[in-house]
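K.L.:
Okay, here's the prediction I keep looking at, along with the sequence it came from:
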Amino acid sequence: MNQTARIISIYAADTSGVCSALYEYGGMTVIHDASGCNSTYTTHDEPRWYDKKSMMFISGLTEKDAVMGNDDKFIDDLVIAANELKPAFIALCASPLPAMIGTDLDAIAYAVESETDIPSFCVKTNGMNSYIYGAGNAFLDLAKRFIDKNMSHKTDRLKVNLLGLTPLDFPKTEYVNSLKSFIKESGMELNASIGMETSLIDIQKIADADVNLILSSSGKLLADYLFEEYNIPFVKGVPYGIKFSEHIKECLYKAGAEKINIDATKSLREEGSTAILGESILSASLASAVLSDYGIKANVLETVGDGDFDVLKPFDLSCDDEKILEGELEKYECIIGDPLFKPICKNKKFIALPHEAFSGRCFTKNAPNMINRKIEIF
Amino acid sequence: MIKIAVYGKGGIGKSTVTSNLSAALAHLGKRVIQIGCDPKADSTANLLSGNPVFPVMNYMRDFDREPESLEEISKVGFGNVLCIETGGPTPGLGCAGRGIITTFSLLEELNLFEKYKPDAVLYDVLGDVVCGGFAAPIREGLASKVIIVTSGEKMALYAANNINSAVENFRERSYASVRGIVFNRRNVLNEEEKVFEFAKSRNLEIIADIPRSDDIIRFEDEGKTVIEGDPTLDVSKRFLDLASLLIEEDEKENN
């Protein structure tokens, strides 16, 4: 069977990406759906659910409402909830059902905003794209609504935004703290941390940065927008390990000074017999880090089937088909990936690297922190 | 940009009006796109001299994939009007309304407006606003004005009223608004009184009055609009006047 996941898991969907991206900004995020999408998200994809409050809702779409086009009922519910909860914004996204019947969520958002005066927008989803698509568009749409270009301050230090942070790629707060320490220890100033350990003020002042650090594909759309609209350059790469973290630091200063975009992984990759499975920017960063620190040559097998493919080398592969992936993995001696990939890795040496977007919370506690420190997964 | 959706009862002459209006706009030097939003896919026939364009949904059905370029699903007709037809699913199956939404999403992905850079886009929409798909052309970003085509026949006026009410209901959604009525005469009893009364009671302007004309039928038999056939005819002038009015309004709105 092609294009099916018979043995391995599948990645979180775009609706989970939207909720994950918007979780900490004080808005009301509503998945237009009968049910199911919300519980999938809260049960599997959101480690903050039990510790941190957020207004995540489901519309409770019924068959009758879908057939009869009872959008007014949805609008009324949104207005009542918004007037009661006073969210900073209202974000709507579609599960497969409204996507199939072509519900105009942009128009519904417009009607709700007219009624409540609360900024409302629709993030394009259909419940079938990847979490990267949903989170990426959610960050972009939020920024477009809330960036305040008048928010600026002067400092001698390089002002850095961290882009693309969601628990789907960075499940522990510890990772964000390590990234913040990395910025501080590098003599830079953290301007905004987009996605985690954040608030709406971070979004408002995002255009005040000198450079963006793209930490996952979910941050790429926003980084492109900030470059096009505000001439803020970006560096792609996660500061894993010792030498690669140092390299990212140098890239950030260079990008800020010369106003150029830099893929930090570009010059630090060599074809090898180790395969790293997962999201492209994180995987390419790990490949660069293990090459720099240990001389281990690793190829990236991008398994989401979405995201930033520019970081991939000719010897890398984008593959979201289980059957093809299984065949590809036979070429490698060592495989680094989420534990749920292990059943298709036969008798190869397997190093577990849990990925929340793929295995939910199953292995989060075992996920190692490799940011700006010695990598100890070998 | 002039962005018009043309609605009206089935068989009332929407495609005739739309394609003549496209031809008239082109005749006046405008770069025009006409998108037929009807499974019958015959909206642009008179701009293409009887050589129809391959409809978008038919393409997807026949090839089981989405077209990768605009060239595969468009054809240039009279006056360089770019002609596109949404087409529809297999008759009796699927969902034609959803097909229209799919087509618009696809045209957006193919960067239709960025690539062709039109001065005017005309959507010729099937019969009545029967479901969400048939309201898709008046969603924000697509048509900004609706033209209702009607004669003095009872059912044509009934449909016109339904369309007007539907568009009114969408006001809170920032959809298009009704610009006016194109009175397409069928020469039925008391026709003028009925249409004028309808327009007055709904506070709608009659923006064009098209006489019943054998010339329209004659040129349609040749696969042409009257604008292409003979722009000096009285009926051609009616369409040219309407085109001029829309151009003038658009220029005012942009200044």
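P.N.:
Arrived safely. These numbers were taken from a predicted model, which means no experiment stands behind them. Numbers count the residues shown, from 1 in each chain, chains lettered A, B, ... in the order given.

K.L.:
Output the longest helix belonging to chain B.
P.N.:
When chain B is parsed with DSSP state H, its longest helix is helix B:234-254.

K.L.:
Please state the offset of that helix from the chain centre?
P.N.:
Here helix B:234-254 shows a centroid-to-chain-centroid distance of 15 Å under the convention Cα atoms, centre = their mean, to the nearest Å.

K.L.:
name the helices or strands packed onto that helix?
P.N.:
In this structure, helix B:234-254 packs against strand B:2-8, helix B:14-27, strand B:206-210, helix B:226-229, with contacts taken as 3 or more Cβ pairs under 8 Å, 6 or more residues apart in numbering or on different chains; DSSP states H and E. C-beta coordinates here come from the backbone N, C-alpha and C atoms, glycine included.

K.L.:
show me where the stretch 101-250 of chain A has helices.
P.N.:
Assignment of helices within the stretch 101-250 of chain A using DSSP state H, counting those that start in this stretch yields the ranges A:105-116, A:131-146, A:173-185, A:200-204, A:220-230, A:243-258.

K.L.:
which one of these is the most hemmed in?
P.N.:
Most buried of those, by mean neighbour count (mean count of other Cβ atoms under 10 Å in any protein chain shown): helix A:131-146, with a mean of 26.

K.L.:
So is that one next to chain B?
P.N.:
No: Helix A:131-146 lies out of reach of chain B by Cβ under 8 Å from any Cβ of the partner chain, never closer than 13.8 Å.

K.L.:
so where is the stretch 1-150 of chain B shaky, pLDDT-wise?
P.N.:
B:127-129 (pLDDT under 70).

K.L.:
If we ignore the residues flanking it in sequence, what's nearest whichever residue of it sits closest to chain A?
P.N.:
Closest contact between the stretch 1-150 of chain B and chain A, by Cβ to the nearest Cβ, is at residue B:101 (3.9 Å). Ranked by Cβ to Cβ, 6 or more residues apart in numbering or on different chains and with sequence neighbours excluded, the top spatial neighbour of residue B:101 is residue A:102, at 3.9 Å.

K.L.:
Equivalent analysis for residue A:218, please.
P.N.:
residue A:135 (3.9 Å).

K.L.:
Look at the one you found and report its pLDDT.
P.N.:
As predicted, residue A:135 sits at a pLDDT of 98.

K.L.:
Please verify my assumption that it contacts residue A:165.
P.N.:
No: with contact defined as Cβ atoms under 8 Å, residue A:135 does not reach residue A:165; the gap is 9.5 Å.

K.L.:
ok, the residue lying closest to residue B:45 once chain neighbours are set aside - contacts?
P.N.:
Distance criterion Cβ to Cβ, 6+ apart; nearest residue to residue B:45, sequence neighbours excluded, is residue B:52 at 6.1 Å. Going by Cβ atoms under 8 Å, 6 or more residues apart in numbering or on different chains, residue B:52 touches B:41-42, B:44-45, B:75, B:85.

K.L.:
got it, and residue A:6?
P.N.:
Applying Cβ under 8 Å, 6+ apart, we find residue A:6 in contact with residue A:322.

K.L.:
That one belongs to a helix, doesn't it?
P.N.:
No: read with DSSP: H, G, I helix; E, B strand; the rest coil, residue A:6 is coil and lies in no helix.

K.L.:
Quickly find the element holding residue B:181.
P.N.:
strand B:177-184 (DSSP states H and E).

K.L.:
how close does residue A:137 get to residue A:95?
P.N.:
Per Cβ to Cβ, to the nearest Å, residue A:137 is found 15 Å from residue A:95.

K.L.:
ok, now residue B:213?
P.N.:
Separation of residue B:213 from residue A:95 (Cβ to Cβ): 51 Å.

K.L.:
repeat for residue B:143
P.N.:
Noted for residue B:143: a distance of 28 Å to residue A:95, by Cβ to Cβ.

K.L.:
Check residue B:85 too.
P.N.:
According to Cβ to Cβ, residue B:85 stands 31 Å off from residue A:95.

K.L.:
Name the residue of the stretch 151-255 of chain B that lies nearest to chain A.
P.N.:
Closest to chain A within the stretch 151-255 of chain B is residue B:173: 3.6 Å, counting by Cβ to the nearest Cβ.

K.L.:
dump the residue contacts of that residue.
P.N.:
Residue B:173 sits next to A:104, A:107-108, A:110-111, B:139-140 when contact means Cβ under 8 Å, 6+ apart.

K.L.:
try residue A:332
P.N.:
By Cβ under 8 Å, 6+ apart, residue A:332 lies in contact with A:273-275, A:299, A:348.

K.L.:
Looks like residue A:31 contacts residue A:91 (just checking).
P.N.:
No: in terms of Cβ under 8 Å, residue A:31 does not count as a neighbour of residue A:91; the distance is 9.7 Å.

K.L.:
what's the overlap in contacts for those two?
P.N.:
Both residue A:31 and residue A:91 are contacted by residue A:18, under the criterion Cβ under 8 Å, 6+ apart.

K.L.:
quick one: pLDDT of residue B:254?
P.N.:
According to the predicted model, the pLDDT of residue B:254 comes to 86.

K.L.:
do the same with residue A:37
P.N.:
Confidence score, pLDDT, at residue A:37: 64.

K.L.:
Buried among the contacts of residue A:332? Make that a ChimeraX selection.
P.N.:
The buried residues among these can be selected in ChimeraX (16 or more other Cβ atoms under 10 Å in any protein chain shown) with this line:
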select /A:274,275,299,348
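
K.L.:
which of the contacts of residue A:332 lies closest to chain B?
P.N.:
Nearest member of those to chain B, counting by Cβ to the nearest Cβ, is residue A:299, at 29.6 Å.

K.L.:
Show me the one of the helices and strands packed on helix B:234-254 that comes nearest residue B:163.
P.N.:
strand B:2-8 (4.6 Å; Cβ to Cβ).

K.L.:
Now do that closest one: which elements does it pack against?
P.N.:
helix B:14-27, strand B:120-125, strand B:145-150, helix B:154-169, strand B:177-184, helix B:234-254.

K.L.:
Dump those into a markdown table; add mean neighbour count and distance to residue A:19 as well.
P.N.:
Listed next are those as a markdown table, based on neighbours: other Cβ atoms under 10 Å in any protein chain shown; distance: least, Cβ to Cβ, whole Å:
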| stretch | mean neighbour count | distance to residue A:19 |
| --- | --- | --- |
| helix B:14-27 | 27 | 43 |
| strand B:120-125 | 27 | 35 |
| strand B:145-150 | 26 | 37 |
| helix B:154-169 | 18 | 31 |
| strand B:177-184 | 21 | 35 |
| helix B:234-254 | 17 | 40 |
